[in-house]
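Trainee: Quick one, what's the 3D model for this:
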Amino acid sequence: MADDHDIALEAERRRAIRALLAAPLLLPDADEFALVRRHAEWLRTWFGNFLGYRLVVEAGFARLFKPGPGPGRGRPLQRPSGPFTPRMYAYLTLTTAVLLTAPEQVLLSQLVADIRAAAVEAGIELGDAQRPAERRALGAALRQMVAWSGLREEQGSVAGYADDDQAEALLNVDRDVVAHLLATAPGRAATPEDFVVQAADAGPGGSRHRVRRRLIEEPVVYVDELTAADRVWLRREQRRDEQSYLDYAGLQAELRAEGVALLDPDETLTDVTFPGSGTVAQAALLTIGELVVRLRPEPGSLVVGVPVPTAMLDEVVAELAGRHARRWAAQYVQDPAVLQEAVVGLLVSMGLMTRSAATVADTEPAQDIPASVAERAVDVRGARGDALDGTLLLLAAAARYAPEELVR
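Mentor: Numbers count the residues shown, from 1 in each chain. Alright, predicted model coming up:
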């Protein structure tokens, strides 16, 4: 019975960890919220020690504070019609600031007026409130705040504001949720660029937390994206951590000379499933398979990425669009250039392609690396060839999708 109890306990904690990784702001209507509250103290300790994340668990929410991913590595908030725009982010930030000191109930019209007043105070120039584009941007920010439960619609809805600036609603404000939305206080940063860098700081955990965070949050981590110190830590600890990822998060580590990927058999810890369904996902899988066949490097030195000739990619996508014209969406079949752009975007997001040849290892100041560390670090010089920054590269993890006859 004791063994059964331990197994059940581990399963509950694993479900709670996965729920928080997938939804860092977990609300009471989530299936795993009760588990998170039940194991709150253990979870705080585990997240703090293993990843350097801070966890706050209250009666009305659980908030896992994740540091930022660093420059150029973020993912935008998504709406049904596409990603958030810079103007929407500006409105979301202003809304957050206003709600921190708002009364417990507020009319939509008053909230809109307060948001615009806050913009004036902060020196942020907004467009005419009557313009549809401005109303849509603010409306998106308000709907996101409702989704996070910072706002609750008592009477009426914020959705109508995008189409009618006279729309009214009575809103309840949860200042406790709003106060826990920001993962990193922006006060220390002098510029937006400074803020992005500071938000990604690993703190006293150093390489231990920095590498684990990258692995748990990104589809694949390549060794030439890591500093020398991080590469040494990864190679020294990867076998030990491999079991921890499986036991605590249900993730299977795939270890290669080029890097490491954590695979989720349940496919629930990502908002992008690959391989997937639909024209773009199918085209991406076939494209990557064909490119692996054509560009597979000879065995030998470490190769993380190889350049993809533009003409080759054009040829592959156009040929696939013609071959599958009857089954794929007409908008892509009729315009292979649009299909190619969507395919590349998906493959880049999955860490199978990249448009940048620059790496951390290339730009890391040598004097900042202790000699003893540099001697033990994996040599990653030339791992992506001599391609210029901006060149489209096929990355090593793409080999997972090679045709079966190439794998044998």
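Trainee: which stretches of the stretch 201-350 of the chain form helices?
Mentor: Assigned by DSSP state H, counting those that start in this stretch, the helices in the stretch 201-350 of the chain fall at 206-217, 228-249, 279-295, 310-323, 330-333, 336-349.
Trainee: Need those in a markdown table (columns: mean pLDDT).
Mentor: Shown next, in a markdown table, are those (pLDDT from 0 to 100):
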| stretch | mean pLDDT |
| --- | --- |
| helix 206-217 | 94 |
| helix 228-249 | 94 |
| helix 279-295 | 95 |
| helix 310-323 | 95 |
| helix 330-333 | 94 |
| helix 336-349 | 94 |
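Trainee: now those in TSV, with distance to Val120 and mean neighbour count?
Mentor: C-beta coordinates here come from the backbone N, C-alpha and C atoms, glycine included. Shown next, in TSV, are the helices of the stretch 201-350 of the chain (distance: least, C-beta to C-beta, whole Å; neighbours: other C-beta atoms under 10 Å):
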stretch	distance to Val120	mean neighbour count
helix 206-217	37	20
helix 228-249	44	17
helix 279-295	43	20
helix 310-323	48	16
helix 330-333	43	16
helix 336-349	37	19
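Trainee: What about Gln166, how many residues nearby?
Mentor: 7 (other C-beta atoms under 10 Å).
Trainee: Check the secondary structure at it for me.
Mentor: The assignment at Gln166 comes out as coil when based on DSSP: H, G, I helix; E, B strand; the rest coil.
Trainee: Tell me where the stretch 101-250 of the chain has strands.
Mentor: In the stretch 101-250 of the chain, the segments counted as strands under DSSP state E, counting those that start in this stretch are 105-107, 151-155, 170-173, 221-222.
Trainee: could the helices of the stretch 201-350 of the chain go into JSON lines alongside distance to Gly139?
Mentor: Output for the helices of the stretch 201-350 of the chain, formatted as JSON lines (distance: least, C-beta to C-beta, whole Å):
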{"stretch": "helix 206-217", "distance to Gly139": "30"}
{"stretch": "helix 228-249", "distance to Gly139": "36"}
{"stretch": "helix 279-295", "distance to Gly139": "28"}
{"stretch": "helix 310-323", "distance to Gly139": "37"}
{"stretch": "helix 330-333", "distance to Gly139": "27"}
{"stretch": "helix 336-349", "distance to Gly139": "26"}
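Trainee: For Ala383, find the nearest of those helices.
Mentor: Minimum separation from Ala383 across these (C-beta to C-beta) falls at helix 228-249, 11.3 Å.
Trainee: Can you tell me what sits against the closest one?
Mentor: Under the criterion C-beta atoms under 8 Å, 6 or more residues apart in numbering, residues 10, 13-14, 17-18, 21, 46, 50, 206-208, 210-212, 215-216, 223, 226, 251-253, 255, 260, 262, 269, 361, 364, 369-370, 373-374, 376-378, 380 lie in contact with helix 228-249.
Trainee: cool, and stretch 284-303?
Mentor: Residues contacting stretch 284-303 (C-beta under 8 Å, 6+ apart): 223, 257-258, 274-275, 306, 308, 312-313, 316-317, 320, 343, 346-347, 352-353, 378-380, 382-383, 385, 394, 396, 398-399, 401-403, 406.
Trainee: how about 6 Å then?
Mentor: Stretch 284-303 is contacted from outside by 257, 275, 306, 316, 320, 343, 346-347, 352, 383, 394, 398-399, 401-403, 406, using C-beta atoms under 6 Å, 6 or more residues apart in numbering.
Trainee: again with stretch 142-161
Mentor: 25, 27, 95, 99, 135, 139, 167-172, 174, 177-178.
Trainee: For that stretch, measure first residue to last.
Mentor: 9 Å (C-alpha to C-alpha, to the nearest Å).
Trainee: Then stretch 120-138?
Mentor: Using C-alpha to C-alpha, the two ends of stretch 120-138 sit 15 Å apart.
Trainee: Give me the mean pLDDT for it.
Mentor: Average pLDDT, stretch 120-138: 90.
Trainee: Report the buried residues of that stretch.
Mentor: 126, 134-138 (16 or more other C-beta atoms under 10 Å).
Trainee: Of those residues, which belong to helices?
Mentor: 134-138 (DSSP state H).
Trainee: Domains of this protein: list them as residue ranges, please.
Mentor: Structurally, the chain divides into domains by automatic domain parsing as follows: 2-65, 78-179, 279-355+392-407.
Trainee: can you redo the ones you listed as a markdown table with distance to Glu242?
Mentor: Listed next are these as a markdown table, based on distance: least, C-beta to C-beta, whole Å:
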| stretch | distance to Glu242 |
| --- | --- |
| domain 2-65 | 13 |
| domain 78-179 | 32 |
| domain 279-355+392-407 | 17 |
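Trainee: State the phi and psi torsions of Ala189.
Mentor: Main-chain dihedrals, Ala189, degrees, to the nearest 10: phi -90, psi 140.
Trainee: residues touching it, list them.
Mentor: By C-beta under 6 Å, 6+ apart, the neighbours of Ala189 are 195, 198.
Trainee: now Ala119
Mentor: 94, 126.
Trainee: go with 10 Å
Mentor: Counting by C-beta atoms under 10 Å, 6 or more residues apart in numbering, Ala119 touches 90-91, 93-94, 97-98, 125-126.
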